[in-house]
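Chemist: Coordinates for the following, if possible.
(one chain, ligands or ions: 3)
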Amino acid sequence: MTTPKKLFIKTYGCQMNVYDSERMAESLGGQGYVETSNAEEADMILLNTCHIREKAAEKVYSELGRLKGFKTHNPELKIGVTGCVAQAEGAEIMRRQPAVDLVVGPQSYHRLPQMEARVRAGHTALDTDFPAEDKFEALKGRKGPARAPSAFLTVQEGCDKFCAFCVVPYTRGAEASRPVARVLEEARQLVERGVREITLLGQNVNAYHGAGLDGSDQSLAQLIWALNDIDGLERIRFTTSHPNDMSDDLIEAHGTCEKLMPYLHLPVQSGSDRILKRMNRSHTAESYLRVIERIRAARPDIVMSGDFIVGFPEETEADFQATLDLIEAVNYGYAYSFKYSTRPGTPAAERAQVAGDEADERLQRIQALITRQQQAIQNAMVGRDLRVLVEKIGRKPGQMVGKSEYLHAVHIENSDAAIGDIVRVKATEAKRNSLSAVKRS
Ligand code: SAH
Ligand code: SF4
Ligand code: F3S
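Modeler: Ligands and ions are numbered 1, 2, ... in the order given. Alright, predicted model coming up:
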């Protein structure tokens with residue numbers, strides 16, 4: 001019997017990369033690889049990269065500089081770069097770091113097995129095509145051993161929106177949706193492996209329109225209703241959504257579909273209409289607030305989440321103040337704020353940039369406001385009944401850790417629950433980043 005080769009994957013960036021890393025590991029499993037968490041013993045190292053901000057991309061090169069040293073004590077080691085930096089920079093990566101054997105973009109992962117064979121034979125392999133064939137069709141099914149109760153499932157990829165700051169339309173290509181039958185099949189296989197909660201992923205997941213079982217065009221809401229019928233699947237979430245694609249049926253599903261969790265990530269980026277226009281967002285602050293009003297009418301307890309960019313080119317103090325006002329108006333349970341990062345090739349890169357120290361100062365102010373809101377919403381859960389999906393064993397004896405329907409981390413004390421159970425609890429205390437709870441009597 002041959003000893004299996006070892007694969008180490010390091011994942012950067014968004015949840016879609018997390019999903020892709022799992023699929024790549026499964027695909028290379030067919031080539032005799034098993035995963036390791038120790039890069040030093042690996043025969044193949046893949047960095048699954050993110051290009052969204054400059055820092056994210058630069059991290060890859062410093063990591064490659066470190067990893068190439070491993071080749072001296074393991075000449076069999078092959079190093080690959082996958083993900084959005086691979087797509088954006090292609091062969092340039094091998095020029096900048098000759099220790100790299102393989103570069104493959106997100107649309108070509110199904111070609112990994114052939115590429116692996118090529119690098120084993122001593123060649124390099126590069127593939128950053130947007131091939132006509134569907135990578136998901138070519139990747140194997142997802143039967144396998146038991147796994148964690150919460151899983152990602154990519155249903156839509158790519159983006160046609162071209163926000164002026166963003167690289168995603170260039171790294172992930174045009175919007176494409178997977179057929180309903182494929183999504184259902186993969187979801188059933190995940191449920192068979194112990195999954196109770198599925199988060200549907202897409203760069204613009206609510207722009208999903210896939211072929212239905214009868215060939216007709218299906219919306220994300222229709223896909224969610226189809227998933228709702230799978231026995232054993234208890235929770236459905238989706239991310240990331242665009243405000244313009246919050247269709248009536250999706251808003252309604254938040255009020256009527258019991259398995260759809262009361263949490264919605266709906267990035268807006270800015271509260272200034274002038275900046276939103278310059279960002280090419282094609283919505284206003286007002287239209288965004290109206291969408292949220294309708295969602296809250298359907299599901300009053302929904303917890304909202306968002307993304308913000310500060311220091312976008314030409315952003316004035318008044319524009320920034322409008323963003324703070326919008327945050328006050330929404331009251332976010334979660335929000336993520338980023339300092340604008342100039343991305344070569346995007347329209348905003350050519351414009352008058354905001355001074356770095358000014359952007360830093362705005363980032364601090366926005367984060368202080370967001371932290372205050374997040375904390376208040378989490379603290380308001382104390383005394384409430386929650387349902388927690390148990391994901392792991394806690395540090396204290398008898399403690400189990402999981403997530404509430406609102407996505408807060410919850411520590412259940414003195415629990416006899418097992419991983420994968422959904423437990424009714426009462427929240428007793430709010431810590432900085434989690435709640436403590438006891439089983440409801
Ligand atoms: N498709 C999603 C988000 C993709 S990127 C959407 O449309 O919302 C995730 C987040 O990164 C964005 O919401 C944005 O806030 C941030 N981001 C994207 N490009 C950026 C840039 N050039 N500089 C700083 N933040 C950026
Ligand atoms: Fe990027 Fe805008 Fe597309 Fe989101 S909608 S992925 S921010 S271009
Ligand atoms: Fe990054 Fe690509 Fe995701 S740029 S955020 S890994 S789509």
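Chemist: and this protein, which residues reach ligand 3?
Modeler: Residues of the chain found near ligand 3, taking C-beta under 6 Å from any ligand atom as the criterion, are 13-14, 16-17, 50-52, 83-84, 167-168, 171-172. For the C-beta atoms, the positions are set from N, CA and C on the backbone; glycine is no exception.
Chemist: If we check ligand 1, which of those residues are in contact?
Modeler: Among the residues of the chain next to ligand 3, the residues within reach of ligand 1 (C-beta under 6 Å from any ligand atom) are Ile52, Val168.
Chemist: Now tabulate the residues of the chain next to ligand 3 in TSV and tack on pLDDT.
Modeler: Shown next, in TSV, are these (pLDDT from 0 to 100):
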residue	pLDDT
Gly13	95
Cys14	96
Met16	97
Asn17	97
Cys50	97
His51	96
Ile52	97
Gly83	97
Cys84	97
Val167	97
Val168	97
Thr171	95
Arg172	94
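Chemist: Show me which residues of the protein sit near ligand 2.
Modeler: Residues of the chain lying near ligand 2 (C-beta under 6 Å from any ligand atom): Cys159, Lys161, Phe162, Cys163, Cys166, Val168, Pro169, Gln203, Asn204, His242.
Chemist: now the closest residue to the last one other than its chain neighbours: how far from ligand 3?
Modeler: Counting by C-beta to C-beta, 6 or more residues apart in numbering, the nearest residue to His242 once its immediate chain neighbours are dropped is Asn204, at 4.9 Å. Asn204 sits 11 Å away from ligand 3 when distances are taken as C-beta to the nearest ligand atom, to the nearest Å.
Chemist: Could you give the separation of the lowest-mean-pLDDT helix or strand in the chain from the chain centroid?
Modeler: In the chain, no helix or strand scores lower on mean pLDDT, DSSP states H and E than helix 135-138, which sits at a mean of 79. When C-alpha coordinates are averaged (C-alpha atoms, centre = their mean, to the nearest Å), helix 135-138 and its chain have centres 20 Å apart.
Chemist: follow-up on the earlier one: okay but the residue nearest to His242 is in contact with Thr239, surely?
Modeler: No. Using C-beta atoms under 8 Å, Asn204 makes no contact with Thr239, being 10.4 Å away.
Chemist: Are there residues contacting both of those two? Which ones?
Modeler: Counting by C-beta atoms under 8 Å, 6 or more residues apart in numbering, Asn204 and Thr239 have no common neighbour.
Chemist: how much space between Asp43 and ligand 3?
Modeler: 25 Å.
Chemist: OK, contacts around that residue?
Modeler: The contact partners of Asp43, taken as C-beta under 8 Å, 6+ apart, are Lys5, Lys6, Leu7, Tyr33, Asn74, Glu76, Leu77, Lys78.
Chemist: Among those, which pair sits farthest apart?
Modeler: Pairwise distances across those (C-beta to C-beta) peak at 14.7 Å, for the pair Tyr33 and Asn74.
Chemist: Could you look up the SS state of Lys396?
Modeler: Per DSSP: H, G, I helix; E, B strand; the rest coil, the secondary structure class of Lys396 is coil.
Chemist: is it true that it touches Glu413?
Modeler: Yes. Between Lys396 and Glu413 there is a contact under C-beta under 8 Å: 7.3 Å.
Chemist: Comparing those two, which residue is more hemmed in?
Modeler: Glu413 (17 against 11; other C-beta atoms under 10 Å).
Chemist: Counting neighbours, what do you get for whichever residue of the stretch 51-200 of the chain sits closest to ligand 3?
Modeler: At 3.3 Å from ligand 3, Cys84 is the closest residue in the stretch 51-200 of the chain, using C-beta to the nearest ligand atom. Neighbour count of Cys84, defined by other C-beta under 10 Å: 27.
Chemist: List the contacts of it.
Modeler: Gly13, Asn17, Thr49, Cys50, His51, Ile52, Pro106, Val167, Val168, Thr171, Arg172.
Chemist: contacting residues around the fifth one?
Modeler: Contact analysis of His51 by C-beta under 8 Å, 6+ apart lists Gly13, Ala57, Gly83, Cys84, Val85, Gln87, Ala88, Val167, Thr171, Arg343.
Chemist: at 10 Å instead, please
Modeler: Listed by C-beta atoms under 10 Å, 6 or more residues apart in numbering, the contact set of His51 reads 12-13, 57, 60, 83-89, 166-168, 170-172, 343.
Chemist: Enumerate every residue touching Ile79.
Modeler: So Ile79 contacts 8, 39, 42, 44-47, 64, 67-68, 70-71, 97, 99-103, 119 (C-beta under 10 Å, 6+ apart).
Chemist: Same question for Lys161.
Modeler: Lys161 touches Val168, Pro169, Glu175, Gln203, Asn204, Ala207, His242, Asn244, Asp245, Asn280, Arg281, Ser282, counting by C-beta under 10 Å, 6+ apart.
Chemist: so of the residues you listed, which ones are in helices?
Modeler: Using DSSP state H, the subset of the contacts of Lys161 located in helices is Val168, Pro169.
Chemist: buried sites along the longest helix that the chain contains?
Modeler: Using DSSP H, we find that the single longest helix of the chain is helix 356-379. Buried residues in helix 356-379, counted by 16 or more other C-beta atoms under 10 Å: Ala359, Arg362, Leu363, Arg365, Ile366, Leu369, Ile370, Gln373, Gln374, Ile377, Gln378.
Chemist: same deal with stretch 283-290?
Modeler: For stretch 283-290, by 16+ other C-beta under 10 Å, it's His283, Thr284, Ala285, Tyr288.
Chemist: Excluding sequence neighbours, find me the nearest residue to Thr240.
Modeler: His265 (5.6 Å).
Chemist: ok, now Gly83?
Modeler: In space, Gly83 is closest to Thr49, 4.0 Å off (C-beta to C-beta, 6+ apart).
Chemist: tell me the pLDDT at that neighbour?
Modeler: Looking at Thr49, its pLDDT is 98.
Chemist: what's around it, how many residues?
Modeler: For Thr49, using other C-beta under 10 Å, the count is 29.
Chemist: give me every residue that touches Phe165.
Modeler: Per C-beta under 10 Å, 6+ apart, neighbours of Phe165: 52-53, 269, 278-281, 309, 312-313, 338, 340-343, 346-349, 351.
Chemist: helix/strand/coil for whichever residue of the stretch 251-400 of the chain sits closest to ligand 3?
Modeler: Across the stretch 251-400 of the chain, the shortest distance to ligand 3 (C-beta to the nearest ligand atom) belongs to Arg343, at 9.3 Å. Under three-state DSSP, Arg343 falls in the coil class.
Chemist: returning to what we had before: take the residues of the chain next to ligand 2 and keep only those in strands.
Modeler: Here DSSP state E is the test, and those give no hits in strands at all.
Chemist: If any of those are buried, put those into a PyMOL selection.
Modeler: Buried members of those, identified by 16+ other C-beta under 10 Å, are gathered into one PyMOL selection as follows:
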select buried, resi 159+161+163+166+168+169+203+204+242
